[in-house]
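Asker: Predicted structure and sequence below. I'll ask about it afterward.
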There are 4 protein chains.
Amino acid sequence: MIVVMSREATQDQAEKVGTLLRENGLHPVFGAAGSATVLVAEEPGTRELASAVQAAGGVDRVVLPPGPQRLTSRHFLPQDTRVAVAGADGPVIGGRGFVVIAGPCAVENQQQMTTVVDAVVAGGAAMLRGGAFKPRTSPYSFQGLGVAGLALLAEQRSRTGLPVVTEVVTPEDVERVAEESDMLQIGARNMQNFTLLREAGKSGRAVLLKRGMAATVEEWLLAAEYLMHMGNGDVVLCERGIRSYERSTRFTLDLSAVAEAKRLTHLPVVVDPSHGTGRPHLVRPMSLAAAACGADGLLIDVHTDARAALCDGAQALDGAQFADLMEQLKPVVEAVGRTLAQPRSPYLTQV
Amino acid sequence: MIVVMSREATQDQAEKVGTLLRENGLHPVFGAAGSATVLVAEEPGTRELASAVQAAGGVDRVVLPPGPQRLTSRHFLPQDTRVAVAGADGPVIGGRGFVVIAGPCAVENQQQMTTVVDAVVAGGAAMLRGGAFKPRTSPYSFQGLGVAGLALLAEQRSRTGLPVVTEVVTPEDVERVAEESDMLQIGARNMQNFTLLREAGKSGRAVLLKRGMAATVEEWLLAAEYLMHMGNGDVVLCERGIRSYERSTRFTLDLSAVAEAKRLTHLPVVVDPSHGTGRPHLVRPMSLAAAACGADGLLIDVHTDARAALCDGAQALDGAQFADLMEQLKPVVEAVGRTLAQPRSPYLTQV
Amino acid sequence: MIVVMSREATQDQAEKVGTLLRENGLHPVFGAAGSATVLVAEEPGTRELASAVQAAGGVDRVVLPPGPQRLTSRHFLPQDTRVAVAGADGPVIGGRGFVVIAGPCAVENQQQMTTVVDAVVAGGAAMLRGGAFKPRTSPYSFQGLGVAGLALLAEQRSRTGLPVVTEVVTPEDVERVAEESDMLQIGARNMQNFTLLREAGKSGRAVLLKRGMAATVEEWLLAAEYLMHMGNGDVVLCERGIRSYERSTRFTLDLSAVAEAKRLTHLPVVVDPSHGTGRPHLVRPMSLAAAACGADGLLIDVHTDARAALCDGAQALDGAQFADLMEQLKPVVEAVGRTLAQPRSPYLTQV
Amino acid sequence: MIVVMSREATQDQAEKVGTLLRENGLHPVFGAAGSATVLVAEEPGTRELASAVQAAGGVDRVVLPPGPQRLTSRHFLPQDTRVAVAGADGPVIGGRGFVVIAGPCAVENQQQMTTVVDAVVAGGAAMLRGGAFKPRTSPYSFQGLGVAGLALLAEQRSRTGLPVVTEVVTPEDVERVAEESDMLQIGARNMQNFTLLREAGKSGRAVLLKRGMAATVEEWLLAAEYLMHMGNGDVVLCERGIRSYERSTRFTLDLSAVAEAKRLTHLPVVVDPSHGTGRPHLVRPMSLAAAACGADGLLIDVHTDARAALCDGAQALDGAQFADLMEQLKPVVEAVGRTLAQPRSPYLTQV
C-alpha cells in the first residue's frame, strides 16, 4: 500500500497513519514523493484498510498497485514522467522530444572541451556530458580532473547555454556536483551504492541512473526506488550494456530491457550505446535501434582526437560521425512519432 | 588464402593447386562456392604464392582477405548477398526489401494453419514459417507432427503462393524437408550440429541459420562457413536471443550482434524477437529496433489462439497484434532507406 | 505418473494401461526402463488412479514422484545408479570407486596413442578417452581421424585391457562407435541433438552425456531423460564448464551444478576440468574440488607433446602432471569416504 | 616498475624518484606498502632505469614484475601473505590453518546473536561474522541495525574472545566500524566503490574484499590493488558467486577463480558458499570443494531459526548442519596438507 500525504499534512498526521498501518500488520517506510510525505509498505493490505487510511487526517490519496508497491511503478503513476533537466527552458526527457546528450567520456582540458563541445553543438545535441570524477578499474588509470574538471564543464555550460550531466561517485561530493551541473549521473558501478543513492535522492537535482553491468531490470528499478523514495522524482534510467559471454562487444546492449522498463515504470529511459557496445562502429546502428524501441534519448561519447583520449577514447565518435548519426537518427525518431529535441541555446546561432 | 577455381576447371587442376599450397606450408580444405570448387587455407600465404597460384591452370581468382580466410567474410564477397528464397518470383532477403516471415511456432492441424496463415497474409507477411519437426527440451513435450506437419505446411504454401521456411533437425530428413519447403531452418540447438550443417550445405535450398543461445558472433559465422563451404551460398543468419543472467526476458536479444554480423559478413541477417524475448509485449518494440539497426527481416510467431498453442504460444502475437506491428514497422523500415517486402501471391487479392 | 510394466507384460497390456491413463486426462509417453516398458505422464494423476493402474494386468509398479515425473529423478530411483562400463570386470561409475578417465583430446596416430596411453596407465587411470570424431567450430580445423581413429583407439583398448569412451557426433555413426568402444560420449554441442540422444538411447552402450555450455541443470537432466526413456539407464552426466562473462578461464566450471545434479538424480556425475577451465594449471585444483564436492569421477586430457597436439593441446596435462594429480587426488577422495578406482588390467603389471 | 622507498626515506627523496621516472616516460602513482612509500608505474621501464632508480637516495628496492606492475601480484611478493586478523593471538588467514568464519547474515538482536554465536563456537569457527549495515536491493527491506548492530556484535566479540568481521558500506562509517571490529568487509556491490576502498585502505584494519557479482578476476585484483596502494596489505579476497544464466542456484560459485587468484596473487582467498549458492543444501559440498581447490577459509551463514531471519535466512545452515560441515571439512582440509584453524578463545572451554 502506498499512502501519499497532502502537502499540508503534519508530521503527526503522518505518524498516525504509520501507526494505523502497523496495527494492521503492514511495515510502512517513510519517504517522499516530491514535496509530499509518502508511506510505502511492501504488503498491499486490504481495500478496507485503504478506506480507513483514506479517511485519516492529512491523507491525499491511497494507491494499491496490482503488482509490487512501488513509487517507480506505472501503477503508481500511469503517465510518463517528464524530467525537465534545467528548468522551464531546458530539455525535457520523457516527453515527445528525443534528447541526445553528447560529449567526451572524461573532461581533460579546456581546449579538448571546447573542440568537442563545438562538434557536439554543431551536430545538434540538446545537452552535454563529461566526466570530472571517473571511477576507474585500476588505481593507476587516469581518475578524472575532479573539481577542476567540474569547473571546465561549467565553463562549457555557460558558454553554450546547454545543460550538463556529470557523474558523482561518492556521497560527500553530491552537493558540490549538484551545484555545478544540471543532472547527476550515478554510474553502473554505483547503481547499488545505496548511500550515494540516498544522498542523490535529497539533492534536488535530476539524476541519470545507469544500470549496473549485471543488474536485472528489477534491481535497476529498485535502485531508482531509492531515489524516488527520498523525494526525487526526476530520475532518468540509462541502459549501458550488461555482461555476457559474447566477446565481440565490450558489453551486450540490452534493448529489451529498455522496452521492458518503459512498460513497468513511468520514468524515462535513455541508452548509452558508446559504453554499451564499446565499439564506435556499432554506435550508429544501436542508436537507431534504441530510438526505434522506445528509448527517450541517448548518451553519446564524442571525442575529436580519440587516440589521445585519456579514457575510453576507442569507443567515441568523432565530430563527423556524430553529425552523421544525428542526421540518420532524425527520420527514425520521426517514424516512431517523436521529434529530435532541439537544443535551446543562444550560442547555437554562432556555431 | 582462398582460391576459387573456374567452373570449367578439372578435378586434376584443383588437386594440383592443393599440392602447390601444401608445398608452401598451407593446409587447404576443399569446398565449393556455388558450382565452383574452392580451396580455403587458414594461413593467408604470401603475395608471391598468390601470384603463382593465379598462374596455375583452372584458377579463376585468388583472394587474400585481410582478416580470417573465410567465404562468409565481407572481404571475400564485398557486396551484400541477396538470397532469393523461391526463385525469381519469391522474396529476396538481403536486398532493399525488408522481409517479414510469420506463422505459428508449431504446425498443429489444418484449421489452425488456415486461420493463422490467413491472419499472417492479411498482415502482409512475405513468407510463412511453421515447425513440423520441433526440438523439445523434454521428451514428454509435443514433438511436432513430423511428416504430417510438412504436408500441412505445403498445403498452405500452395494455397497462398507464399514460400515457407521450416526446421530440419536431423541429417536424414534434409532431403525430404528440402523437397517440401523453400528454405531450411537450422535451429539454435543445432547451430553446431556439423553433420546437419554439411547436409544442409548440399541440399540446394536456402538455409536460415539461427544463432546458438550461447554462440559468439564468430562461432555463428563459422557455422555459416560450414554451409558455404559445402557450396551453399544462400544462407541467412538469424539472431534469436542469447542466454544471460537477466530473468525478465526468456533470452537477451542481442541486436549488437546483428550490426556486428552485418559488418563482418555479406550474408543477410534477420531477427526472431518472438523466441528472442519470449514476451509478446516486447515483440513490437524489438522488431522496430531490429529494422532500425540494419536487420534484413524478421521471423515472427503468430497464433490466433495462443492459450491453446501446443508450443511456445505464450510468446506469439495474435492476428491483430501482428497487423499492428506491420503498420508500425513500415515507417521505421522506410526511415532507414528500405521498403517492406511485398508478398508476391495471387492469393492476396482474395483475403 | 510413471508406470513400470513387468518384464513379462505384453504389448497389449501396456496399451491398455495407456488407454486407462488417457481416459483419466493424462498424456502418457511410452518408453523403456532397461528391458521393461514404462509409461511416463507429466501429469502426476491421483492416488486413486495409481491404485487402479496398479491393479491392471502386467503392471510391475506405479511411481508418483513428488516433483517432476521423470525417470532420471531420485524420486523414481532413490539409490545411486552404478554404471558398469565394461561388464562385470570393468570400472563402475557411481559406486564407491572414484573413476578417472584420461587420454588425449583427439586420436592422432599410433605413436601418439601409445605414448599418451602409457603415461595415463602409469598414472593409474581406470579408463581411456580419445576422440576420433571431433566436432570443431571451424570447418578448416582438424576434424578427427574418424573411422581410422576408432581403430587406433580399439587397438589401445585391447593392448591395455582398459575400457574406452569416445565421442559420437551423428546418429548414423552410433552403431559403429558402439561396436568399437565401451561408452559413447555425447558432446556439449550435441546435448540437445535429440535424434542423436534417441539413437544413443537404443545403442545398448553406456553414455557419457556432457552438459551443454549454456544448459541449465534441468535441461541437462532432461537430455538424460531422452536417453533413459529409450531404455538406456547407463547414463553418466559430465560437467564441462559453462559460458560466463569471465575471461581468465575458457569456460566457468560449475561445481554447484555437480552437487545439485547429485541431489536431483540417481545418475552418476563426473567432471571434465580440462575442457571446463581450458587452463592446464587449473586442472589439478579443480579435480580435487570435484572429488570433494561429490563427483563420481573425472575426465582428463593428457598429451605428452601438447605443443604438437592437433586439438586443444594447450589445456592438456603431460604425463608427469597427470601422475602428480593422481597422487594428490588419492587423499582427497579418501577424505570423502571413497577410493580411487583401480584399473583392472593385466597390462598394468608390465608398465 | 615498482619502487619501494626505505622506511626512513624522506618525502623529498620520493619526489625525486618520481621525477626521475617521469623524465624517462613513466607515469608513477604514489602509494604505500605497509609503512613505506611506493611508486607504481604501469609501464615496466628498462633495466637501466631500474639501476638508476636503485642508486637514488632512499630507495629500498626496485621490482620489475614480468606481468602487470602491481602490488597484489605474486611477482611483487612471491610468498603467501598471512593476514593476522586480530594481532598475534588471533587467527591467521593465508597460512597453514584453514579459517572458518561463521555467524548470522544480519545482526538482529541480542538473543539471536547469543544463540547463533554459541552454535558457531560449538562447531569450532575461528572467527565471527554478522552484518550491522546491510546493503539491500529494495529500500523497503530490512537495512540492518546499524550502530546498534555494531554494539551487539562487539558484545559477542568480548563474550567469546573471537574476532569479528562486519560489512562497511560507506566511507564515512569506516572509522567507526574499524573501531568496533577486527576486519572490515567490503561487499560485492561495493567492490568498485573506489572511495570506500581508499578509505578502507587507510583504516589500519584487515579487509575482506568480496568479488563483485559480475567482476572478472582481474577487476577483483585491481580492487584489492586500491587497498594495497593505500598502504593496507592485510587484504583477504572472498569469492561469493557470480551472475550466470543458471537458475538452480542464486549465483554460480566460481571456484576456478579461487585457484586462478591464488596463482596470480599472494593475498589469501576465502569462499562464501552461503551467498555463493543461495542454497543451504549446497553449502556443505561447496565448502569441501573450496577447501580442496586451495581456498584459505570459508565464510558461512548460520542461523538457528532460519525462517525468522530478517535477511537471507533461506540460505543459512542451522547449528547442527554447521557442526556436521565442520566435521566433514576436517579430513578434506588435512588431505590438502592443512589444518582447521582452532579458535583461540578462553570462552571455548565453557561451551
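Answerer: Nice, I can see it.

Asker: Please make it C-alpha for all contacts and neighbour counts, starting now.
Answerer: Noted.

Asker: Which of the helices or strands spans the residue sitting nearest the centre point of chain A?
Answerer: By CA atoms, centre = their mean, the mean C-alpha position of chain A lies nearest to A:L208, the distance being 2.0 Å. Following DSSP states H and E, one finds A:L208 within strand A:206-210.

Asker: how near is A:R129 to B:T265?
Answerer: 34 Å (CA to CA, to the nearest Å).

Asker: Please list all residues in contact with whichever residue of chain A sits closest to chain C.
Answerer: Proximity of chain A to chain C (CA to the nearest CA) peaks at A:Y245, 4.3 Å away. Contacts for A:Y245 (CA atoms under 8 Å, 6 or more residues apart in numbering or on different chains) come out as B:A214, B:T216, C:R243, C:S244, C:Y245, C:E246.

Asker: again with A:E15
Answerer: By CA under 8 Å, 6+ apart, A:E15 has no neighbours at all.

Asker: Over to it. Which of the three states is it?
Answerer: Taking DSSP: H, G, I helix; E, B strand; the rest coil as the rule, one finds A:E15 in the helix state.

Asker: Next one: it from chain D, what distance?
Answerer: Distance of A:E15 to chain D, computed by CA to the nearest CA, to the nearest Å: 17 Å.

Asker: in chain A, which spans are helices?
Answerer: Shown for chain A, the helices assigned by DSSP state H span residues A:11-23, A:47-55, A:110-123, A:147-160, A:174-180, A:194-201, A:217-229, A:255-264, A:273-277, A:280-292, A:319-335.

Asker: Let me know which of these is the nearest to B:V336.
Answerer: helix A:319-335 (7.1 Å; CA to CA).

Asker: That closest one versus helix B:280-292: what angle between them?
Answerer: For helix A:319-335 against helix B:280-292, the angle by axes from the mean of the first three to the mean of the last three CA atoms, to 10 degrees is 130 degrees.

Asker: what's in contact with helix A:319-335?
Answerer: Contacts of helix A:319-335 with the rest of the structure, by CA under 8 Å, 6+ apart, involve A:98, A:116, A:119-120, A:122-124, A:284, A:287-288, A:291-292, A:302-304, A:339-340, B:292, B:331-332, B:335-336.

Asker: Outline the domain layout of chain A.
Answerer: Split into domains by automatic domain parsing, chain A comes to A:2-63, A:83-350.

Asker: Which residues are in contact with A:G31?
Answerer: A:G31 makes contacts with A:T37, A:V38, A:L39, A:V40, A:H229, A:M230, A:G231, as judged by CA under 8 Å, 6+ apart.

Asker: So the third one sits against A:F30, correct?
Answerer: Pointing back at A:L39 there. Yes. Here A:L39 lies in contact with A:F30, judged by CA atoms under 8 Å, at a distance of 4.7 Å.

Asker: Which one's more surrounded, the two?
Answerer: Under the criterion of other CA atoms under 10 Å in any protein chain shown, the comparison of A:L39 against A:F30 puts A:L39 first, with 23 against 17.

Asker: how about the residues of the stretch 51-200 of chain A near chain D?
Answerer: Residues of the stretch 51-200 of chain A lying close to chain D (CA under 8 Å from any CA of the partner chain) are A:135, A:137-140, A:169-170, A:189-190, A:192-195.

Asker: Nearest to B:G94 among those residues?
Answerer: A:R189 (40.0 Å).

Asker: Pretty sure the closest one sits against D:Q192.
Answerer: Yes. Taking contacts as CA under 8 Å, A:R189 lies within contact range of D:Q192: 6.1 Å.

Asker: Overlap of the contact sets of those two?
Answerer: Common contact partners of A:R189 and D:Q192 (CA under 8 Å, 6+ apart): A:P135.

Asker: Mind checking which of these two has more residues around it?
Answerer: D:Q192 (28 against 23).

Asker: pretty sure the more buried one is touching D:E225, no?
Answerer: No. Using CA under 8 Å, D:Q192 is not in contact with D:E225; the gap is 11.3 Å.

Asker: interface residues of the stretch 101-250 of chain A facing chain C?
Answerer: Proximity of the stretch 101-250 of chain A to chain C, by CA under 8 Å from any CA, involves residues A:R243, A:S244, A:Y245, A:E246.

Asker: Going by neighbour count, which of these comes out on top?
Answerer: Neighbour counts for these (other CA under 10 Å) peak at A:S244, which has 28 neighbours.

Asker: Tell me who's in contact with that residue.
Answerer: A:F251, A:T252, B:S244, C:S244, C:Y245.

Asker: Please apply the same query to A:A206.
Answerer: By CA under 8 Å, 6+ apart, the neighbours of A:A206 are A:V83, A:V85, A:D182, A:M183, A:L184, A:N232, A:G233, A:D234, A:V235, A:V236.

Asker: how close does it get to A:F30?
Answerer: From A:A206 to A:F30 the distance is 21 Å (CA to CA).

Asker: cool, and A:T249?
Answerer: 42 Å.

Asker: same thing with A:V117?
Answerer: Distance from A:V117 to A:F30, by CA to CA: 42 Å.

Asker: what's the answer for A:Q342, then?
Answerer: From A:Q342 to A:F30 the distance is 39 Å (CA to CA).

Asker: Appreciated, that's everything.
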